[in-house]
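In: Here is the input, now give the coordinates:
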Amino acid sequence: MRRLAIGFVTAAAAVSFAGSLIGSPASASTASTGTDEVPAATEPAADGGSADDSRITAPPVHVLQVSGLFDEIVVDSITNAIDDAESEGAQALILQVNTRGSVVGDDTMEQLMEDIDAAPIPIGLWVGPSSAKLYGRPAQLLAVADVSGMAPGARVGYTGTPLHPEGVTVEFGDASDRLRRGSMGLSDAREFGVFNQRITDEGIPTLKSMLYALDGYEENGVVLHTVENSVADDGTPQQEPVATVIMTKLSLTDQIFHTVASPSISYLLLLVGLALLIFEFFTAGVGIAGVVGAGSLVLACTGLAALPIRGWALAMIVLSMIAFAVDVQVGIPRFWTGVGIVGTIIGSFWLFESLPGATLRPSWITLLTGVGGITITFVTGMPSMVRTRFATPTIGREWMIGEIGHADGAIDPDGIVTVGNGQWRARTNRATPIAAGDQVRVAAIDGVTLEVEPLEGAAKDYRERRSAKHSTAE
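Out: Residues are numbered from 1 along each chain as shown. Next comes the predicted model:
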């Protein structure tokens, strides 16, 4: 049962945490995004040339994928991506963004806007793929991006009060007021001129289309060359990308800390960490549960420190765990278990504050997983663990057989008794219920549960269990 309890509480952390990291490479790679393939570098011909020299001479375009809330890690990754793209001879850097807001201060966002505005290479900003969002302070990056666009189905808005980066004016014309308080889809954004799209297409559905938008953009006397004109076999004019696209993501370490800073992951890690530490406290020695619990709690604190949380809600979750521990000690779910469940529900629901246009509250599935898992753990798992622990022969409670105590409440057939100045979970024969306050005698022990009988009128089956020496004494 102990292994079952450990497996139950660690599974939630493993599933929720690992799912966010699978498929997130730590290094740069040439890749494709959207529905159209982005070209890789052209292989040189056998004579040292190429079937198309322009594809070799066209410098690459770097793409940084930014997903999730803008935290310190994301801001640093954008700054580093600008430096890396410039040092590696890239023509431009595209930021592929999908975010619900920012959890860094206004000063940090203003500095980021200044860095993008002063970047030595053109910076493109693409809100994609479809259903992506650009909400909150990060939406004001549109004011400093050289080329920008969004995929059909994406939305942008809730910019809030304009920031004041040095040398930059955050202004979106007639769309300013609407963007501050609400959001726009593609049609409205095009109508109000929110984006500097540079092409006549209806939106920018894929990363390949973003290369079309960049082509011909001039900055500091340098003209971007990302596509070339050609003629199809049927005589139809067409364009094909010639710039190699290099996709980059966060390093593995940054990806881990950025992941734990998401509300759902930090919330589940918090519950799992606290539950495992309580579990380990009531077991002998320090085992894997304690190590995993401590690690989960450290990661949870790291994530919560980067998120806007309500202190009283966090305190309520911690106090709820203490309430659970009270009943774990006696080995039976009682009043304090109910208090812990209610406190966990309230604390979970109100733990995170909202951002403009977006709530950070975990999804209902995550909340049900967290609250449901904690409830099952402390109603079933923990009592079973405690009974298993005290049932081991090294504990030695045989001296209690035959001892006299009294019922703290009605025992029919389960309840609580006081024996030897301690409270114990008790069970009596269904044929002999015991009223509150009546004296009882310990007939046998099953783990931490005492099998008791009244001093008078006990059922025969219990009297037959008593040891011969106590029968003789009577």
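
In: Phi first, then psi, for Thr206.
Out: Dihedral angles of Thr206 (phi, psi; degrees, to the nearest 10) stand at phi -140, psi 170.

In: Return the distance of it relative to Phe195.
Out: From Thr206 over to Phe195 the distance is 15 Å, taken as C-beta to C-beta, to the nearest Å. Bear in mind the C-beta positions are built from the backbone N, C-alpha and C, glycine included.

In: the strands in the stretch 1-150 of the chain, which residues?
Out: Ranges of strands in the stretch 1-150 of the chain, per DSSP state E, counting those that start in this stretch, are 29-30, 61-67, 92-98, 123-127, 133-135, 147-150.

In: Distance from the chain centre to the host helix or strand of Leu297, please.
Out: Counting by DSSP states H and E, the element that carries Leu297 is helix 288-306. With C-alpha atoms, centre = their mean, to the nearest Å as the basis, helix 288-306 stands 13 Å off its chain's centre.

In: mind exporting the very next helix or strand once past that helix as PDB, just the C-alpha atoms?
Out: Heading C-terminal from helix 288-306, the first helix or strand you meet, by DSSP H and E, is helix 311-330. Extracted C-alpha coordinates of helix 311-330, given in PDB (Å, rounded to 0.1, in the frame of the first residue of the first chain):
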ATOM      1  CA  GLY A 311      -0.800  35.000  -0.500                       C
ATOM      2  CA  TRP A 312      -3.800  34.100   1.500                       C
ATOM      3  CA  ALA A 313      -4.800  31.400  -0.900                       C
ATOM      4  CA  LEU A 314      -1.300  29.900  -0.800                       C
ATOM      5  CA  ALA A 315      -1.400  30.000   3.000                       C
ATOM      6  CA  MET A 316      -4.800  28.200   3.000                       C
ATOM      7  CA  ILE A 317      -3.400  25.400   0.900                       C
ATOM      8  CA  VAL A 318      -0.500  25.000   3.300                       C
ATOM      9  CA  LEU A 319      -2.800  25.100   6.400                       C
ATOM     10  CA  SER A 320      -5.100  22.500   4.700                       C
ATOM     11  CA  MET A 321      -2.200  20.100   4.500                       C
ATOM     12  CA  ILE A 322      -1.600  20.600   8.200                       C
ATOM     13  CA  ALA A 323      -5.200  19.800   8.900                       C
ATOM     14  CA  PHE A 324      -4.900  16.600   6.800                       C
ATOM     15  CA  ALA A 325      -1.800  15.700   8.900                       C
ATOM     16  CA  VAL A 326      -3.800  15.900  12.100                       C
ATOM     17  CA  ASP A 327      -6.100  13.100  11.000                       C
ATOM     18  CA  VAL A 328      -3.300  11.100   9.400                       C
ATOM     19  CA  GLN A 329      -1.700  10.800  12.800                       C
ATOM     20  CA  VAL A 330      -4.800   9.100  14.300                       C
END
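
In: From the contact counts, what lies against helix 311-330?
Out: helix 263-281, helix 335-349, helix 382-390, strand 422-427 (3 or more C-beta pairs under 8 Å, 6 or more residues apart in numbering; DSSP states H and E).

In: Deepest-packed of the ones you listed, please.
Out: With neighbours taken as mean count of other C-beta atoms under 10 Å, the helices and strands packed on helix 311-330 reach their highest mean count in helix 263-281, at a mean of 24.

In: Quick one: mean pLDDT for that one?
Out: For helix 263-281, the per-residue pLDDT values average out at 91.

In: So which other helices or strands are in contact with it?
Out: Under the contact definition 3+ C-beta pairs under 8 Å, 6+ apart, helix 263-281 sits against helix 2-21, helix 252-260, helix 288-306, helix 311-330, helix 364-376, helix 382-390.
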